[in-house]
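K.L.:
build me a model from this:
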Amino acid sequence: MSKRFLCKAAVAVAVAVTTVPVSAADPPLDKLTLPTGFTIAVYAADVPNARQMALSPNGTLFVGSRQAGNVYAVLDDNQDQVADRVVTIASGLRQPNGVAFHNGDLYVSAISQILRFDDIESTLDNPPPATVVTSTLPSERAHGWKFIAFGPEGSLYVPVGAPCNICDRTDEDDRFATILRMNADGSSEEIFAHGIRNSVGFDWHPGTGELWFSSNGRDRLGDENPPDTLNHAPQPGLHFGYPFCHAGDIQDPEFSQRPCSEFRAPAQKLGPHVASLGLRFYTGSMFPAAYRNQIFIAEHGSWNRAPDAGHTGYRLTVARLDGNRVSSYEVFAEGWLETTNEAWGRPVDVLVMPDGALLVSDDRVGAIYRISYSE
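P.N.:
Below is the predicted model of the structure:
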């Protein structure tokens with residue numbers, strides 16, 4: 001077998017986190033801890049396997065899923081900060097994790113395809129068939145689910161994860177382990193960033209317009225390595241190291257032919273195996289000023305850790321910036337992980353609402369939460 005497809009044996013036997021059954025309508029939010037002044041409540045309860053979120057200017061919240069294969073529209077008709085309706089606008093799709101709203105149309109990622117639902121808000125109860133924007137993306141399911149978003153210049157950004165734990169298949173398709181960008185109609189596709197194992201969350205700095213993204217580190221190098229990373233891509237064409245180097249300074253034992261010095265180091269090392277997913281800059285005015293333009297990150301939670309090591313993630317964190325430098329990385333909300341190996345929920349994505357509240361999707365509970373602040 002070629003070295004390109006070898007997979008290093010696990011250092012320790014991984015154990016799955018035990019699921020604690022909860023009701024989406026009444027999750028145990030009292031088990032969560034947040035900073036003083038913050039409260040969390042259920043915004044929408046019936047959103048099975050809720051993943052990425054996107055908000056229209058009219059206030060319709062669109063939510064993708066992964067295992068459920070559905071796309072939802074969540075509506076707060078009376079604007080009381082609690083959803084009144086959840087409408088399934090598409091079903092039977094291949095891991096439609098990503099959703100993005102642009103010029104009245106809803107874009108949905110489905111592994112090898114990007115779909116578009118035109119003028120979606122006028123047809124929520126009976127959407128027309130989707131238009132295929134592109135169907136030529138790699139079809140591998142491994143890391144095939146995608147977070148998508150439109151950048152400040154109007155391009156659609158689409159990540160293509162590595163189709164494996166650790167491998168180099170760029171000779172087959174140079175789009176593996178990258179973030180792509182393309183026009184809204186699918187034309188002019190190009191690679192924006194290289195060497196990214198799997199990014200399932202990114203956003204642009206509200207001041208500079210530069211891209212920041214999370215990336216999941218490889219598995220089976222032990223309980224503590226490598227960490228996930230928060231990365232900064234101020235320009236196109238940068239390479240972030242995968243599969244040769246992880247987290248800026250960990251040389252891969254199987255792909256060691258290129259040194260870490262060749263690649264762009266992460267802006268911040270996150271926890272090991274925390275599964276950092278959705279992230280957003282906080283641009284609202286509800287939270288204290290210290291949070292403005294800082295990065296909220298949803299950490300979905302680990303699986304590749306030994307029982308005695310305990311699991312990591314299952315929380316929200318904040319990366320604070322001083323210019324383009326991360327000055328601190330701290331826990332903002334935690335408690336979805338009840339014990340070292342038992343969890344009742346898994347945060348996936350975060351989204352800032354017009355009133356400044358922060359929404360959080362939870363694919364295990366199938367709910368959307370709303371975090372608000374009051375002095």
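
K.L.:
gap between the strand ranked longest in the chain and the chain center?
P.N.:
In terms of residue count, the longest strand belonging to the chain (DSSP state E) is strand 325-334. Here the centre of strand 325-334 is set off from its chain's centre by 17 Å, with CA atoms, centre = their mean, to the nearest Å.

K.L.:
can you list the buried residues in that strand?
P.N.:
326, 329, 332, 333, 334 (16 or more other CB atoms under 10 Å). All C-beta spots, glycine's among them, are computed from the backbone N, C-alpha and C.

K.L.:
identify the residues contacting it?
P.N.:
32-35, 38, 40, 230, 267-268, 270, 296, 314-321, 347, 360, 371 (CB atoms under 8 Å, 6 or more residues apart in numbering).

K.L.:
show the buried residues in the residues you listed.
P.N.:
Using 16+ other CB under 10 Å, the buried ones in these are 32, 34, 38, 40, 230, 267-268, 270, 296, 314-321, 347, 360, 371.

K.L.:
in strands, which of those fall?
P.N.:
Using DSSP E, the buried ones among the contacts of strand 325-334 in strands are 38, 40, 230, 268, 270, 296, 315-321, 347, 360, 371.

K.L.:
show me the contacts for residue 300.
P.N.:
274, 275, 276, 277, 313, 314, 346, 347, 348, 363.

K.L.:
which residues touch the second one?
P.N.:
The contact partners of residue 275, taken as CB under 8 Å, 6+ apart, are 216, 228, 299, 300, 301, 302, 303, 313.

K.L.:
per-residue confidence at it?
P.N.:
For residue 275, the pLDDT comes out at 97.

K.L.:
likewise for residue 134?
P.N.:
Reported pLDDT for residue 134: 98.

K.L.:
may I have the beta-bridge partners of it?
P.N.:
As for beta bridges, residue 134 partners with residue 114 under DSSP bridges.

K.L.:
list the contacts of it.
P.N.:
113, 114, 182, 186, 189.

K.L.:
also residue 37?
P.N.:
Contacts of residue 37 (CB under 8 Å, 6+ apart): 288, 373, 374, 375.

K.L.:
next one: residue 158
P.N.:
Here residue 158 is in contact with 98, 109, 114, 137, 146, 148, 179, 180, 181, 182 (CB under 8 Å, 6+ apart).

K.L.:
do you know how far the nearest residue to residue 371 once chain neighbours are set aside is from residue 348?
P.N.:
Once flanking residues are discounted, residue 371 sits nearest to residue 358: 4.4 Å by CB to CB, 6 or more residues apart in numbering. Per CB to CB, to the nearest Å, residue 358 is found 13 Å from residue 348.

K.L.:
which one's more surrounded, those two?
P.N.:
residue 348 (30 against 25; other CB atoms under 10 Å).

K.L.:
which one of the contacts of residue 134 has the most neighbours?
P.N.:
That'd be residue 114 among these, by other CB under 10 Å, with 25 neighbours.

K.L.:
what bits of this structure have low per-residue confidence?
P.N.:
Scanning the chain for pLDDT under 70 picks out 1-16.

K.L.:
work out the gap between stretch 346-359 and the centre of the chain.
P.N.:
The answer for stretch 346-359 is 12 Å, by CA atoms, centre = their mean.
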